[in-house]
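Undergrad: this one's structure only:
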């Protein structure tokens with residue numbers, strides 16, 4: 001009845017560099033289904049349920065990164081004891097020494113895997129020598145779990161939390177599979193207390209979790225993967241073959257693709273966590289509705305922006321307080337350059353971060369004059385002003401993502417050249433007809449994003465009231481529809497490379 005080749009099972013369950021375990025894959029859905037069953041069976045045994053999650057999380061990371069799961073374990077052991085040693089330190093000097101040691105360890109490991117070639121190439125260029133890059137494999141998710149561990153250590157140093165005495169609990173915080181690869185970068189102060197609570201999920205949690213998973217799959221596979229493979233990648237590969245209209249749509253499209261890809265991962269991660277009884281922090285809040293760059297960063301990659309706000313910007317702001325607004329500008333520029341550098345050892349990311357630092361600085365300096373102008377023109381709180389602010393903010397963001405996506409500065413300048421000097425507006429209809437599915441998904445993606453947020457809340461309430469059988473059927477239908485639209489093999493999430 002069932003034609004199963006059992007000889008293929010070991011290879012299917014083993015690490016394959018070319019076939020990582022993705023949330024959107026059938027293997028993950030199969031494994032997660034059985035995880036939910038056993039997790040529910042062990043719900044009355046706290047130790048058994050947590051050990052099950054730790055085991056599954058380690059296997060999940062092994063299936064994605066191979067033997068780098070050993071590095072993940074080493075990270076957890078080291079930071080667990082750094083936290084205990086720091087809390088029991090004899091004095092402030094010893095405490096600060098342990099903090100420095102932990103920073104050297106965490107940033108040193110991250111720096112070796114992520115930035116070694118960048119620094120070596122930079123040093124080689126300074127001395128005018130040639131450079132051959134070292135073959136270093138970047139462990140997926142290392143930036144995310146490193147920052148999770150660092151927040152734990154820094155919070156202990158600041159005495160805002162006490163270190164946990166349970167290595168089991170701390171391991172689950174570091175290993176937790178939904179957010180280990182691409183966030184959100186959760187805080188130990190929010191996550192660890194959830195481990196001690198009894199397993200309890202409400203119908204609202206289930207409905208919210210399923211809704212987020214369905215939305216995440218639609219964003220990732222239906223929108224991000226399709227428009228990326230069928231249009232955006234082609235334009236960015238050879239922009240001079242396309243008119244300015246097509247290049248502009250590629251820039252706008254990539255902004256949407258990146259959002260749908262990254263927020264799609266976050267939606268699925270938060271949804272999966274809810275089904276397991278855990279609440280992760282919000283990471284996206286309709287960022288294209290932002291009316292300023294500062295507002296954009298309160299809506300985009302919230303876990304990273306708040307991390308750097310708490311641990312970088314505010315300490316810098318305090319240190320530079322004697323410089324007034326100059327100190328605030330310097331703090332902003334440094335923080336956003338670090339945000340760019342966090343994404344990888346590339347000048348493109350640094351330029352992207354610097355652009356946002358400049359945006360934020362200009363916004364800070366001009367905030368009061370702008371308010372006075374709006375008052376004189378009687379534009380304060382008007383829809384016209386709001387639309388103009390959203391339009392300007394989105395275009396500034398899209399312009400910055402041009403450098404984020406382009407494989408070289410020359411590619412970015414070629415795209416700008418086509419937009420400015422070879423626009424050809426008459427090509428718009430040809431683009432809409434020639435790339436009909438892509439054009440439809442671009443329009444659908446942006447319209448979907450700008451729908452009132454209350455619509456999502458109402459949908460969750462409706463789903464909450466439906467029987468579980470109908471919920472399961474709806475999830476199956478969404479998965480089936482998404483797979484029909486899928487253009488090629490499942491594409492890894494963009495933020496896996498960071």
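TA: Yep, it's here. None of the values given here were measured: they were computed from a predicted structure.
Undergrad: immediately after the helix or strand hosting residue 431, which helix or strand?
TA: In this assignment (DSSP states H and E), residue 431 forms part of helix 428-434. Using DSSP H and E, the helix or strand that directly follows helix 428-434 along the chain is helix 436-449.
Undergrad: Show residues contacting the helix holding residue 431.
TA: With C-beta atoms under 8 Å, 6 or more residues apart in numbering as the test, helix 428-434 has contacts from 245, 246, 249, 439. For the C-beta atoms, the positions are set from N, CA and C on the backbone; glycine is no exception.
Undergrad: Closest to residue 334 out of those residues?
TA: If you rank the contacts of helix 428-434 by distance to residue 334 using C-beta to C-beta, residue 249 comes first, at 34.5 Å.
Undergrad: doesn't residue 443 make contact with that closest one?
TA: No: checked against C-beta atoms under 8 Å, the pair residue 249 and residue 443 is beyond contact range at 10.7 Å.
Undergrad: So which of these two has more stuff around it?
TA: When residue 249 and residue 443 are compared for neighbours, residue 249 comes out ahead with 23 against 11, by other C-beta atoms under 10 Å.
Undergrad: about what we covered before: of the contacts of helix 428-434, which is the most crowded?
TA: residue 246 leads the contacts of helix 428-434 on contacts (other C-beta under 10 Å) with 26 neighbours.
Undergrad: How about the contacts made by that residue?
TA: Here residue 246 is in contact with 235, 418, 427, 431 (C-beta under 8 Å, 6+ apart).
Undergrad: who does the host helix or strand of residue 80 touch, helix- and strand-wise?
TA: Element membership for residue 80, per DSSP H and E: helix 69-87. The helices and strands touching helix 69-87, judged by 3 or more C-beta pairs under 8 Å, 6 or more residues apart in numbering; DSSP states H and E, are helix 46-65, helix 92-126, helix 142-157, helix 167-175.
Undergrad: average model confidence for it?
TA: For helix 69-87, mean pLDDT is 95.
Undergrad: Kindly report the same for stretch 422-439.
TA: pLDDT averaged over stretch 422-439 gives 89.
Undergrad: From the opening residue of that stretch to its closing one, how far?
TA: Using C-alpha to C-alpha, to the nearest Å, the end-to-end distance of stretch 422-439 comes out at 21 Å.
Undergrad: buried sites along that stretch?
TA: Neighbour-count burial for stretch 422-439, counted by 16 or more other C-beta atoms under 10 Å, picks out 423, 427, 428, 431, 432, 435, 438, 439.
Undergrad: wait, residue 327 sits on residue 317?
TA: Yes: using C-beta under 8 Å, residue 327 is in contact with residue 317, at 6.8 Å.
Undergrad: Including distance to residue 497, could the contacts of residue 246 go into JSON lines?
TA: Converted to JSON lines, the contacts of residue 246 look like this (distance: C-beta to C-beta, whole Å):
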{"residue": "235", "distance to residue 497": "20"}
{"residue": "418", "distance to residue 497": "26"}
{"residue": "427", "distance to residue 497": "32"}
{"residue": "431", "distance to residue 497": "29"}
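Undergrad: Out of those residues, which is nearest to residue 365?
TA: Among the contacts of residue 246, and counting by C-beta to C-beta, the member closest to residue 365 is residue 418, at 32.5 Å.
Undergrad: Show the backbone phi and psi for residue 278.
TA: phi -120, psi 140 (degrees, to the nearest 10).
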